[in-house]
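Undergrad: Only the shape, not the letters, is given here:
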């Protein structure tokens with residue numbers, strides 16, 4: 001049966017509903033149930049609950065995503081609770097004796113903490129805030145770096161939690177780690193974002209809007225904090241679990257398990273094994289256990305407690321992605337890709353399509369979770385790109401670019417909450433500081449995608 005425009009309705013309901021209500025979980029459930037009603041009609045209960053749920057759970061895409069979320073959640077939680085995050089900052093902080101150097105070290109630290117966006121934001125912003133305060137850097141600048149880099153650096157490193165998730169999301173297209181590496185040159189939005197952040201650190205890109213006023217406040221003798229006393233006290237209380245590490249847990253307690261993960265995953269790829277990243281994560285957890293429990297930095301009971309906390313921390317995003325994947329699969333069965341291909345391909349110039357993909361994902365990220373947006377975009381946009389003769393790598397690079405610039409533009413995204421918790425800058429202030437830069441990055445990226453597509457296609 002040809003559903004035509006009906007196949008688009010659940011997607012529209014989720015996006016528009018999330019934008020209006022700011023309630024992603026509820027809208028993912030409603031849109032998924034709506035897709036089930038439209039597809040299965042009178043057989044809804046048997047088709048939706050009895051068949052579709054199990055198809056999603058057992059499918060290559062979601063099963064890989066689920067175990068990756070659990071594994072990285074555990075690894076990051078253990079690294080955070082052990083105190084290993086402060087190791088890098090302690091070493092690098094010795095060389096931060098000016099504004100420029102403290103910002104450059106923060107930038108470098110973010111690349112070192114590439115494994116996860118939460119880890120990067122917490123590790124760089126919290127560990128460096130005392131150092132940047134001493135060098136009269138407004139907390140708004142630290143927050144800007146934490147929120148924008150979190151999603152763009154993790155996108156650009158093949159073995160980060162996001163990259164592994166992004167590869168798993170493309171399982172239906174036999175997309176591998178090698179394909180992701182080929183996609184990286186087309187992550188134009190991520191590249192533009194990191195170049196601008198670096199230029200801003202060294203003073204070669206202008207300070208704009210609220211960031212400019214923040215520097216004026218500090219230069220005139222004001223505090224580095226936007227609201228000095230009460231916020232800083234509240235944040236200190238909120239992050240009292242993340243303390244300066246005096247237990248002897250250094251940077252190598254974080255670095256060595258990551259190396260194990262990467263080496264094991266790459267080895268599994270070369271041996272043509274399945275579950276390559278899962279193997280790497282399992283061995284990384286074993287390495288963490290041997291190092292931390294063996295050296296008596298934590299007991300076995302504490303280790304497993306932190307591991308379970310890491311699992312629980314990923315429960316909400318795992319559920320949202322499950323509902324989105326379920327909805328996307330049903331929309332695919334209703335022919336959403338074929339419908340949009342018929343509407344767009346042939347009627348819209350090919351050289352505009354990747355820029356459209358990026359803008360569409362950017363808009364959706366303003367309303368919802370970034371990872372869920374990727375899961376929603378892939379089954380819709382990748383078939384459109386294939387029909388238009390656009391390389392998958394270029395199309396996926398555009399989708400990831402939209403994610404990288406869209407998440408730090410969203411008032412209720414996780415990276416803003418994390419950065420706010422570490423820097424004391426309220427979410428609304430963070431968004432005002434970010435927007436002049438994310439919009440500039442977006443405009444440059446749109447132009448660049450149009451040019452690159454004309455050259456490549």
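TA: Received it, and whenever you're ready, just let me know what you need. Just so we're clear, the structure is a prediction, and the values are computed from it rather than from any experiment.

Undergrad: report the longest helix in this structure, please.
TA: Longest helix of the chain, by residue count under DSSP state H: helix 427-456.

Undergrad: the helices in the stretch 251-400 of the chain, which residues?
TA: 252-270, 276-294, 300-313, 315-333, 336-344, 353-365, 370-388, 392-406 (DSSP state H, counting those that start in this stretch).

Undergrad: show me where pLDDT drops low in the stretch 301-450 of the chain?
TA: Applying pLDDT under 70 to the stretch 301-450 of the chain flags residues 364, 366-369, 411-414.

Undergrad: Identify the residues contacting the residue sitting nearest the centre point of the chain.
TA: Closest to where the C-alpha atoms of the chain average out (C-alpha atoms, centre = their mean) is residue 151, at 4.3 Å. Shown in contact with residue 151 (C-beta atoms under 8 Å, 6 or more residues apart in numbering): 117, 162, 370, 403, 404, 407, 408, 415. (Glycine included, C-beta is placed from N, CA and C.)

Undergrad: Next one, pLDDT for the first one please.
TA: Per-residue confidence for residue 117 comes out at a pLDDT of 81.

Undergrad: tell me which element the nearest residue to it once chain neighbours are set aside is part of?
TA: If the residues on either side of it in the chain are set aside, residue 117 comes closest to residue 150, at 4.0 Å by C-beta to C-beta, 6 or more residues apart in numbering. Taking DSSP states H and E as the definition, residue 150 sits inside helix 139-156.

Undergrad: After that helix, which helix or strand is next?
TA: Counting by DSSP H and E, the next helix or strand C-terminal to helix 139-156 is helix 161-169.

Undergrad: Please point out which parts of that next one sit buried.
TA: 161, 162, 163, 164, 165, 166, 167, 168, 169 (16 or more other C-beta atoms under 10 Å).

Undergrad: Same check on stretch 210-221?
TA: The neighbour-count check on stretch 210-221 (16+ other C-beta under 10 Å) flags 210, 211, 214, 215, 217, 218 as buried.

Undergrad: what ranges do the strands span in the stretch 1-150 of the chain?
TA: According to DSSP state E, counting those that start in this stretch, the stretch 1-150 of the chain carries no segments that qualify as strands.

Undergrad: what about the stretch 1-150 of the chain, any weak spots by pLDDT?
TA: By pLDDT under 70, the low-scoring segments of the stretch 1-150 of the chain are 1, 19, 22, 85-93.

Undergrad: picking that back up, identify the residue with the minimum pLDDT among the buried residues of helix 161-169.
TA: residue 161 (80).

Undergrad: Return the residues in contact with that one.
TA: Taking C-beta under 8 Å, 6+ apart, we find residue 161 in contact with 68, 72, 76, 115, 116, 117, 154.

Undergrad: is it true that residue 115 touches residue 257?
TA: No: the pair residue 115 / residue 257 is not scored as a contact, 9.4 Å apart, by C-beta atoms under 8 Å.

Undergrad: anything in contact with each of the two?
TA: Counting by C-beta under 8 Å, 6+ apart, the residues touching both residue 115 and residue 257 are residue 75.

Undergrad: OK, contacts around the residue nearest to residue 117?
TA: 110, 117, 118, 120, 121, 407, 408, 415, 418, 419.

Undergrad: now for those residues, which pair is the farthest apart?
TA: 110 and 407 (15.0 Å; C-beta to C-beta).

Undergrad: So between those two, which is more surrounded?
TA: Legend: neighbour count by other C-beta atoms under 10 Å for residue 110 and residue 407, higher for residue 407 (29 against 25).

Undergrad: I am finished for the moment; much appreciated.
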